[in-house]
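**Student:** coordinates only, sequence not included:
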């Protein structure tokens, strides 16, 4: 029988927080299956407040609506640690394609220049840049409240991933202590409906390099995941309030390549503006390379 192409499923993560061990075991098993297949799934039933999600989307939409000159006052090129505004066409993530049709904004932990992470030039570690004025203050407060919630959710997801590898829920505690992460706001304008999909991308096909990525989408489609068993690109349906979870290259290596860090891309032919919010979890920068040795290599 030919393999069936199935988009990443939507899993109810509330079982992680409950006392029903049967439901929790099913969640763990479902996560394991997704990680073995294509490294992607969606979760609902998490604890990130819906109002905060809405506030974040409203804040980033307002920021990206500002004049280009205002956004460029906080351009990430002002820093060497990747914080602030990213212009349209700044990246080409897929060889042989046009520059990515998106703009972005990078946020991380508020780290002072005397912090050891900054002094020793740890990954993307340093102070953030924020727009001026009262609206910029609201943007900062909303962003940092959301950033904190995402750290908590990432720890919960990693605990579930640990169980999926027959490890204790606390297995990654050292990795999540003092963790570095990047919150990224993204805006994809609509691509022409007749644009060449071999050249034009919102963001080109790529894998993520960290441990896990947690992505909040708005209501506009465009995210696609590669399904290697069928050689097809699968659309990842936007679900209000849900998070798309995918594994990065680091986690694939930890699992002795059993779990998949998968190709994904964005092509926005919806005719609408698309916004998304990925949270890239890199973990403690002093943790060092570690492999989950209990997982067989074959």
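**Tutor:** Okay, I see it. What you see is a predicted model, and the numbers here were worked out from it, not measured in a lab. Numbers count the residues shown, from 1 in each chain.

**Student:** so where do the helices sit in the stretch 151-298 of the chain?
**Tutor:** Per DSSP state H, counting those that start in this stretch, the stretch 151-298 of the chain carries helices over the ranges 173-176, 249-254.

**Student:** just the ones you listed: most buried one?
**Tutor:** helix 249-254 (a mean of 20; mean count of other Cβ atoms under 10 Å). In short, each C-beta sits where N, CA and C put it, glycine included.

**Student:** now mean pLDDT and distance to residue 274 too, for the helices of the stretch 151-298 of the chain, in TSV please.
**Tutor:** Output for the helices of the stretch 151-298 of the chain, formatted as TSV (pLDDT from 0 to 100; distance: least, Cβ to Cβ, whole Å):
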stretch	mean pLDDT	distance to residue 274
helix 173-176	96	30
helix 249-254	96	25
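
**Student:** looking at these, which is nearest to residue 30?
**Tutor:** Among those, helix 249-254 comes nearest to residue 30, with 17.0 Å by Cβ to Cβ.

**Student:** okay, now residue 55: neighbour count?
**Tutor:** 18 (other Cβ atoms under 10 Å).

**Student:** quick revisit: select, out of the helices of the stretch 151-298 of the chain, the one closest to residue 159.
**Tutor:** Using Cβ to Cβ, those put helix 173-176 closest to residue 159, at 8.8 Å.

**Student:** what's the span of stretch 233-243, first residue to last?
**Tutor:** 19 Å (Cα to Cα, to the nearest Å).

**Student:** per-residue pLDDT, residue 288?
**Tutor:** We have a pLDDT of 64 for residue 288.

**Student:** 48 is where my numbering starts, stick with that
**Tutor:** With 48 as the first residue, the last one maps to residue 335.

**Student:** poorly predicted segments of the stretch 198-345 of the chain, please.
**Tutor:** Applying pLDDT under 70 to the stretch 198-345 of the chain flags the ranges 335-345.

**Student:** show me where it has strands.
**Tutor:** 227-235, 250-253, 259-264, 270-274, 279-282, 290-294, 311-313, 321-330 (DSSP state E, counting those that start in this stretch).

**Student:** let me know which of those strands is tucked in deepest.
**Tutor:** It is strand 290-294: most buried of the strands of the stretch 198-345 of the chain by mean count of other Cβ under 10 Å, with a mean of 26.

**Student:** the inter-axis angle of that one versus strand 270-274?
**Tutor:** Put simply, strand 290-294 runs at 40 degrees to strand 270-274, going by axes from the mean of the first three to the mean of the last three Cα atoms, to 10 degrees.
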